[in-house]
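# Here is a sequence with its predicted model. Questions after.
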Amino acid sequence: MSIGHVSPIRTYILIWAALMLGTIITVAASMVDFPGPLNAVVALAIATVKATLVVLFFMHVKYISYKVNIIVIVSAVFWLFLLLGMVSIDYVGRAFS
Amino acid sequence: MSTAAAAPGSNYLTNGSSVSSWLLTKDHKRIALLYLLSVTFFFFIGGIFALLIRLELLTPQGDLLQADTYNKVFTMHGQVMVFFFLIPVVPAVLGNFLVPIMIGAKDLAFPRINLLSWYLYIVAGILMLWTLALGGVDTGWTFYTPLSSQFSRTNVVMAAVAVFINGFSSIFTGLNFIVTIHRMRAPGMTWNRLPLFIWAHYATSVIMVLGTPVIAITLLLVGFERMFHLGIFDPALGGDPLLFQHLFWFYSHPAVYIMILPSMGIVSELIACFSRKRIFGYSAVALSSIGIAVIGFLVWAHHMFVAGISLYAALVFSFLTYFVGVPSAIKVFNWTATMYKGAVTLTTPMIYAIGFLGLFTIGGLTGLFLAALGLDVHVTDTYFVVAHFHYVMVGGVVMAYLGGIHFWWPKITGRMYPEFWGKLSAMIGFVGFNLTFFPQFIVGYLGMPRRYWMYAPEFQVWNVLSTAGATVLAVGYLMPLVYLTWSLRYGPVVGDNPWGAVGLEWMTTSPPPTENFLEPPVVTWEAYDYEHIKEVPVAY
Ligand SMILES: [Cu+2]
């Protein structure tokens, strides 16, 4: 079995800096009042970018090659959308009840 | 890493007797025994709360406990039993012991993570006991908001942290099983030859890994809302209390399958062995475990039909809930078909397995009542629901677990338990169980709500029956504790395969050596090959 990918420390520091920047932008964005639902959209967009960085670099998903690992990741993300999607049936449906 | 074992005739029990050889062990069999002791401890803690509930409900007045105390007692009963007994009991004890042996491996893929999972369980358990010592929690085991996040005056955060930590113990066990089953099967042990116990644990592990993070983070959010007034679930802060219920049940309905699937795995082993037949419809039973794991994630909102969710969502979830009954029914029919024309012997494990069949069927079918949108309105939050899930959890999980403990006891300890006392306790447990919980179906249907310390006087007769049953049930649970402990010293020593069963675990010594097999096994036969096995002398 291979040991897997070893990232240089520099990568970790760069990603950490990017995450911190993301946090600052989130706080800054929370001071601005965007019109309508955009407040949530902006906050979630920043959070998604940060989560993607964590998954790709800290969790080494960028470097995997095994097909089975890709299946695992795709199903995990699919499961998240299953949760969000099925909850939405309730929230969207309430508008019509 | 061949250990210092190797002394001829030594096994995993005799390989080191110091405290550290147990507390720092990486042997999955020793970790299984650590779990066995700890879950048994929590079972009796939870059992004490159950007896307090039954004693309070002996009379319609609230006379034994204060109302607030009663709220805490049923909450602690639920939290201890669900998170510290039912979820870990089969995977962490029997699964830990058997998964590597049944597939012909030396250990789990990550022995250190396995030990870590036990330590996390213990840390979480101590936190839970500490919560108890500080006065307990009164939110119900479900932690519903906004009670838990805003109004409860009890130690909600500490209990939530205990459940959070315990969740990681569960995730590590699941992760370990998935990797082990994928990568460590002996040569020839193909997926189609896996014992159904392994299929069941594989499906359980998938649920553990996919579901547990959701409840962990949800309880953390409850803690944040409680401490820092973040508006997530409280409408006064801009949150939505139903969001909590969605997230909670996204895990907690599948958690029912974390509890019951491993038990179904046990039952498959028992019924095949004591019918001396290959399990009927092997692939259907195996795939129905996977089916349950997948569909089980799509039904959670049946806990919320009266909570004000949209009617359209309720229709979808009601339909899917009926649908999830199908794979469970496949299993029940296939077990029955396995017994048909089999050479059935009524040993203690088989009595437990047959008890499981009957009780799980009642528990499952009453679940369909609750999936019906109309009927559910009438029985939501009544004792009908309490009876239903106790038939699944106690009648199902505990019966199968005890059956499994008896079946593999000679393998785990090298000694046989007294068969007469085994049969007696299985039957006492069955009678006591039905006496405890069947009256609750009736009194619930008549309208007695759950979670109240007082009730209308006309319900008393059913409650007296239930409390009487609970004392019988307690006897049925205390007896195995006594004679199993007795047999550790005085039980007759058994050979490798006292039941004449098939499966790799019966081909190694009892108890197994630390490395499980002296020679790495190679599998050349199909699972449950009872028709072709040459007769083995049997102990019963
Ligand atoms: Cu459910």
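Here it is on my side, so go on.

# which strands and helices sit next to the longest helix that chain A contains?
Across chain A, the longest stretch assigned as helix under DSSP state H is helix A:67-94. With contacts defined as 3 or more Cβ pairs under 8 Å, 6 or more residues apart in numbering or on different chains; DSSP states H and E, helix A:67-94 has these neighbours: helix B:196-228, helix B:241-275, helix B:311-339. Heads up, the C-betas are built off the backbone N, CA and C, glycines and all.

# what's the average pLDDT for the longest one?
The average pLDDT for helix B:241-275 rounds to 95.

# What confidence value was assigned to residue 2?
You didn't say which chain, so I picked chain A. 48.

# not what I meant, chain B
pLDDT recorded at B:Ser2 is 39.

# With B:Asp63 instead?
If you check B:Asp63, the pLDDT there is 88.

# According to the record, where do the domains of chain A fall?
A:1-63, A:65-97 (automatic domain parsing).

# Which of the three states applies to whatever residue of the stretch 51-200 of chain B ends up closest to chain A?
Of all residues in the stretch 51-200 of chain B, B:His182 sits closest to chain A, at 7.7 Å by Cβ to the nearest Cβ. In three-state terms, and counting by DSSP: H, G, I helix; E, B strand; the rest coil, B:His182 is helix.

# Tell me the spacing between the nearest residue to it once chain neighbours are set aside and B:Arg185.
Excluding the flanking residues, the one nearest B:His182 by Cβ to Cβ, 6 or more residues apart in numbering or on different chains is A:Val68, at 7.7 Å. According to Cβ to Cβ, to the nearest Å, A:Val68 and B:Arg185 sit 15 Å apart.

# what about the two, which has more around it?
Higher neighbour count among A:Val68 and B:Arg185: B:Arg185, with 19 against 8, using other Cβ atoms under 10 Å in any protein chain shown.

# That one: what's it in contact with?
For B:Arg185, the contact set (Cβ atoms under 8 Å, 6 or more residues apart in numbering or on different chains) comprises B:103-105, B:194.

# Read off the pLDDT value for the closest residue to B:Ala301 other than its chain neighbours.
Nearest residue to B:Ala301, sequence neighbours excluded (Cβ to Cβ, 6+ apart): B:Phe317, at 4.0 Å. At B:Phe317, the model reports a pLDDT of 95.

# In chain A, which residue sits closest to chain B?
Chain B sits closest to A:Gly93 of chain A, with a gap of 3.0 Å, by Cβ to the nearest Cβ.

# now, the most widely separated pair of the contacts of B:Arg185?
Using Cβ to Cβ, the pair of the contacts of B:Arg185 lying farthest apart is B:Ala105 and B:Leu194, separated by 12.2 Å.

# which of those two has more neighbours?
Counted by other Cβ under 10 Å, B:Ala105 and B:Leu194 do not tie: B:Ala105 has more neighbours, with 24 against 21.

# Quick one: residues contacting that one.
With contact set as Cβ under 8 Å, 6+ apart, B:Ala105 has these partners: B:180, B:184-186, B:516.

# Of all pairs in those residues, which one is the farthest apart?
Taking Cβ to Cβ as the measure, those span a maximum distance of 13.2 Å, between B:Arg185 and B:Asn516.

# what do the two both touch?
What both B:Arg185 and B:Asn516 touch, as defined by Cβ under 8 Å, 6+ apart, is the set B:104-105.

# Residue numbers of chain A in contact with chain B?
A:68, A:76, A:79, A:82-83, A:86-87, A:89-97 (Cβ under 8 Å from any Cβ of the partner chain).

# From these, keep the buried residues only.
Applying 16 or more other Cβ atoms under 10 Å in any protein chain shown to the residues of chain A next to chain B, the neighbour count classes A:79, A:82-83, A:86-87, A:89-90, A:93 as buried.

# I'd like the residues you listed as TSV, with pLDDT appended.
Formatted as TSV, these follow (pLDDT from 0 to 100):
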residue	pLDDT
A:Trp79	89
A:Leu82	91
A:Leu83	92
A:Met86	91
A:Val87	92
A:Ile89	91
A:Asp90	92
A:Gly93	88
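
# Please identify the one among those that lies nearest to B:Leu230.
Nearest to B:Leu230 among these, counting by Cβ to Cβ, is A:Val87 at 19.1 Å.

# thought that closest one was touching B:Gln245?
No: counting by Cβ atoms under 8 Å, A:Val87 does not reach B:Gln245; the two are 10.2 Å apart.

# How about B:Pro492, nearest residue that isn't a chain neighbour?
Residue nearest to B:Pro492 in three dimensions, not counting chain neighbours: B:Met416, with 5.1 Å by Cβ to Cβ, 6+ apart.

# who touches the closest residue to B:Gly188 other than its chain neighbours in this structure?
Distances taken as Cβ to Cβ, 6+ apart place B:Val523 nearest to B:Gly188, at 3.5 Å, with adjacent residues excluded. Residues near B:Val523 by Cβ under 8 Å, 6+ apart: B:104, B:186-190, B:193, B:504.

# before we move on, back to that, please tell me how far the residue nearest to B:His182 sits from B:Phe172.
20 Å.

# rewinding a little: pull the number of nearby residues for the residue nearest to B:Ala301.
25.

# How much space separates it from B:His229?
For B:Phe317, the distance to B:His229 equals 32 Å [Cβ to Cβ].
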